[in-house]
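Novice: got a predicted structure plus its sequence, pasted below:
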Amino acid sequence: MIIVTKRADYHHAGPDRDVGYLKFTYIMKTSDISTNTLCYHCGDDIASDLFVSDDKQFCCAGCKGVYEVLSQNNLCNYYVYNQAPGQTKQYVEQHFDFLNEPAIFSKLVDYTDEKITLVTFYIPAIHCSSCLWLLEHLHKINPAVVQSRVDFLKKQAEITFDHNKVSLKELVEMLVSIGYEPLISLQDIVKEKKNSVNRDLIRKIAVSGFCLGNVMLFSFPEYLGISSLEAQFQSLFGWLNLGMGAVVTFYCSQDFFTSAWGSLKNKVINLDTPLALIVAVLFLRSAFEIISGSGPGFSDTLTGLVFLLLMGRWVKQRTYNHISFNRDYRSYFPVAVTLLDENGVEKPVPINDLEVGSRILVRNNEIVPADSILMKGDGCFDFSFVTGESEPKTKVLGEIIYAGGRQIGEAVEMEVVKPVSQSYLTRLWNNEAFQRNESKIKNFNDTIAQYFSAVVIVIAAGSMGYWSFMGDTNRAWDAFSAVLIVACPCVLALSTPLTLSTILGIFDKNGFYLKNTDVVEQLARVDSMVFDKTGTISCPEAVDLSFTGDLDVYEETLVGSVARNSSHPLSREIVKWLGLGSVFKTEGYKEIVGKGVSAYVDGHEVIMGSRAFVVPESDINHSSSVVHIRIDDEYKGFFKINQKWRESLKELINSLKSDYRMHVISGDHSAERKSLSTVFPEYVPMLFKQSPHDKLQYIKKLQGDQNIVMMLGDGLNDAGALRQSDLGVAVTDNINNFTPGSDAILKGSAMGKMPQFIHQAKMAIKIIKFSFVIASIYNLIGVYFAIQGTLSPLTAAILMPMSTITIITITNLANRYFARKNNLR
Amino acid sequence: MNILYFLIGCSVIMALFFLGAFFWALKDGQHDDVHTPAVRILFDDDKPEEAE
């Protein structure tokens, strides 16, 4: 087997990164390996037929392992519903002992009694109907599971189990063994989201829809003309309509009044202000007409309007993604840490129980939870996510290690010097400079609502003034209220959410997740872009292997035979790179986490791994992103992993450079300046060795020069800059990873589509403006009748839905058209 | 024509009945997840184990 140099470069995207199920992009020898066989479990290419079970081929030991668990439990239907439904299993050594701690247990579960426990897990790997089927048949693997229900879109599984027969830890381990690892973090996303469905809004929509239907029914005789015979019903229908109108006004429209009142108190006008005014006027005039018996009232328009407005709200609130934008540093930290007592006995404790002076054990790949002193072991910490530096730092005993670093290599013992809440990382997050409360630029709707309201009120007052001057007071009131009714900006309240949420849906399918609809408008406005280097434009997971040294075919086979035993990503890449046809049997295989692997193959000892592991005494250049090979006592050379820019970077920069001012900003050293300057145009400023605070200041400076800045970053070190920017985009390869607070999350693989996204956003704004023009035409027709005081309820009831239907059709068609034109699915 | 009063009453009561049913469904969480049940219903039942 191979070595497993847990290289920082490899992982540097972030703590949870290898918890996820990454697919690696590889360049290298793939063309030589022209095999058509795909892994039966995950569908990846198979480099060699080394992993076979029941005549099925697998790409790695992980996939084969999952298959075997499933076939033993008679669950092979999993492979029937979809082809290759699995995902490549990532090799991570995990410790779930903390789940047996009562304090943690009680925090995680939803319900527990003497017999059963109910727990909800967020499982990022859920992606197809096979997943759903398998997770709902967990009882076949372990009968102690009473029931499991999956919520597909939220990627959650609600599992009821008998805790007397299976512990929470065993349950989680079972999920891990079949490739569905739950994401358990300190900040429990599942619980926070539980109440996110807006039942209240749905109830209001139902009530207003109910009222609308009935009011329409009762208004029909009025539309068709009431004969004297039926006149007796007129007042009955009128009162029924008024009753329904009252329900809609006082119950369904509450939110509009609250919002309008709130904004008036702040001396601004938002879109809800004119809407609330119109609802009020409609209701008052209907009440007046019906009580005085002078007319049928406008209840039909009122209910229809409120129904549509609420639908618009619902569309706007409907989330297209299940990504949490509110994660903070708490989801970066582990749920529990291993505490060592005086006798050296390990005990998992919740992270908040850590005190100054606690002795903790940090294993390979675990994150240092609080600022601590290194007491025992070889410390090598990857701070890339916190500081942006891509090289891991070797630390000596007695040094202070700041929270957030990830240990690479053997387990180390540390002593906590500051509680979690006061550590460097937490303070970084809570730094006031990083908090920004004022909302970003006002959106189109609220801006236009002000002018719109002003114009409408002027017209209404003008026509009232005219008719009073003419001495026709009744008509004056008629005209006043009619203008307010007919010049309704409801189109804005509808077309905007409809257009923007369609865009959100389109972006979502393409790997660009926006926090809300306002972000689309912001995206259309951006004129400057700032790129972070590490993890953003460099691709943390791309594997670009190269071998330096000498290996003949026989030796390659030896290496491959060892490497295939390990499920570590690097081992897998090496097996693929070698592209072997046959292998030898290995004996005495040993894998030392964070160091490497060794085994005897065909009489030779093969050792692969970090320099210290393979050739401890030599002075070969120490660079940690390297896998060294030794066969018997002869050093053979090393595999090097090169840092690689994202594949689409060059095209991206080329297509953006004419329209946007670009900047590169990095917390790392300037070694890459040369290679970057081949990608970016000459004028692009590049800043290196920037602290989180420098980055924030730089963005501020750009904004001070009247730029609208989009920041693309990934690490905690970018958190401040992302918040300060007008549009902060967190770039990540695994959307379930922790990302710093941002307005949007972009999948690394979708980065090349950025120009299309921006174009689509600009089109969306045009569509909204266009639909506003159409709506204004309808409004003008209505106003023409209204100022004469001759607006009949029928005209109002026809005009309003007409304009709405036109707008919905136009926005829908236009959106689809532009999405197709932009090659966005 | 007075029968209309009765019929209108009936229709409103029926409509209220349906509205009530909708509230019930909403409270029961039927609208929280509208995707999964549609997928779930398409799974075949497990074949009975063959007798040996």
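Specialist: Thanks, I have it.
Novice: end-to-end on stretch A:529-539?
Specialist: One end of stretch A:529-539 sits 18 Å from the other (CA to CA, to the nearest Å).
Novice: what does stretch A:395-414 give?
Specialist: Using CA to CA, one end of stretch A:395-414 lies 12 Å from the other.
Novice: just the buried positions in that stretch, please.
Specialist: Buried positions in stretch A:395-414, judged by neighbour count with 16 or more other CB atoms under 10 Å in any protein chain shown: A:395, A:401-414. Placement of C-beta: from N, CA and C, glycine included.
Novice: also stretch B:7-23?
Specialist: B:Ile8, B:Val12, B:Leu19, B:Phe22.
Novice: and the contacts of that stretch?
Specialist: Residues outside stretch B:7-23 that contact it (CB atoms under 8 Å, 6 or more residues apart in numbering or on different chains): A:Arg203, A:Ala206, A:Val207, A:Phe210, A:Gly213, A:Asn214, A:Leu217, A:Phe218, A:Leu236, A:Leu240.
Novice: in the stretch 551-700 of chain A, which segments are predicted with low confidence?
Specialist: Low-confidence segments of the stretch 551-700 of chain A, defined by pLDDT under 70: A:567-569, A:580-581, A:593-594, A:617-625, A:641-643.
Novice: what are the boundaries of the helices in it?
Specialist: A:553-563, A:569-578, A:611-614, A:649-656, A:673-677, A:692-704 (DSSP state H, counting those that start in this stretch).
Novice: please apply the same query to chain B.
Specialist: Along chain B, counting by DSSP state H, helices occupy B:3-27, B:36-40.
Novice: go through these and name the closest to A:Tyr180.
Specialist: Counting by CB to CB, A:Tyr180 lies closest to helix B:36-40 out of the helices of chain B; the figure is 15.5 Å.
Novice: next, the buried residues of that closest one.
Specialist: Under 16+ other CB under 10 Å, the buried positions of helix B:36-40 are B:Thr36.
Novice: pretty sure A:Val783 contacts A:Ala460?
Specialist: No - contact criterion CB atoms under 8 Å: A:Val783 and A:Ala460 do not qualify, at 9.2 Å.
Novice: ok, and the closest non-adjacent residue to the residue most central in space within chain B?
Specialist: Centroid check for chain B by CA atoms, centre = their mean gives B:Ala25 as the closest residue, at 6.9 Å. Nearest residue to B:Ala25, sequence neighbours excluded (CB to CB, 6 or more residues apart in numbering or on different chains): B:His31, at 7.0 Å.
Novice: which residues does B:Asn2 contact?
Specialist: No contacts exist for B:Asn2 under CB under 8 Å, 6+ apart.
Novice: show me the shaky parts of chain B.
Specialist: For chain B, the ranges with pLDDT under 70 are B:46-52.
Novice: now with 80?
Specialist: Scanning chain B for pLDDT under 80 picks out B:1, B:32-34, B:44-52.
Novice: rewinding a little: what's the most buried one of the helices of the stretch 551-700 of chain A?
Specialist: Among the helices of the stretch 551-700 of chain A, helix A:569-578 has the highest mean neighbour count (mean count of other CB atoms under 10 Å in any protein chain shown), at a mean of 26.
Novice: now the angle between helix A:553-563 and that helix, please.
Specialist: Interaxial angle, helix A:569-578 versus helix A:553-563 (axes from the mean of the first three to the mean of the last three CA atoms, to 10 degrees): 150 degrees.
Novice: tell me how far helix A:569-578 is from the chain's mean position?
Specialist: Distance of helix A:569-578 from the chain centroid (CA atoms, centre = their mean, to the nearest Å) equals 30 Å.
Novice: stretch A:76-89 too?
Specialist: 25 Å.
Novice: wait, the residue nearest to the centre of chain B touches A:Ala206, no?
Specialist: No - look at B:Ala25 against A:Ala206 with CB under 8 Å: they stay out of range, at 9.9 Å.
Novice: helix, strand, or coil at A:Leu339?
Specialist: Secondary structure, DSSP: H, G, I helix; E, B strand; the rest coil: A:Leu339 is strand.
Novice: looking at the sheet around it, what are its partners?
Specialist: Taking DSSP bridges as the rule, A:Leu339 bridges to A:Lys347, A:Ile360.
Novice: distance of it relative to A:Gln147?
Specialist: From A:Leu339 over to A:Gln147 the distance is 35 Å, taken as CB to CB, to the nearest Å.
Novice: quick one: which of those two has more around it?
Specialist: Neighbours were tallied for A:Leu339 and for A:Gln147 using other CB atoms under 10 Å in any protein chain shown; the higher tally belongs to A:Leu339 (18 against 13).
Novice: and the stretch 301-450 of chain A, which of its residues are near chain B?
Specialist: With the criterion set to CB under 8 Å from any CB of the partner chain, the stretch 301-450 of chain A never comes near chain B.
Novice: now the strands for the stretch 301-450 of chain A?
Specialist: Assigned by DSSP state E, counting those that start in this stretch, the stretch 301-450 of chain A shows strands spanning A:336-340, A:346-350, A:359-362, A:372-376, A:379-382, A:393-395, A:400-401, A:406-407, A:412-416.
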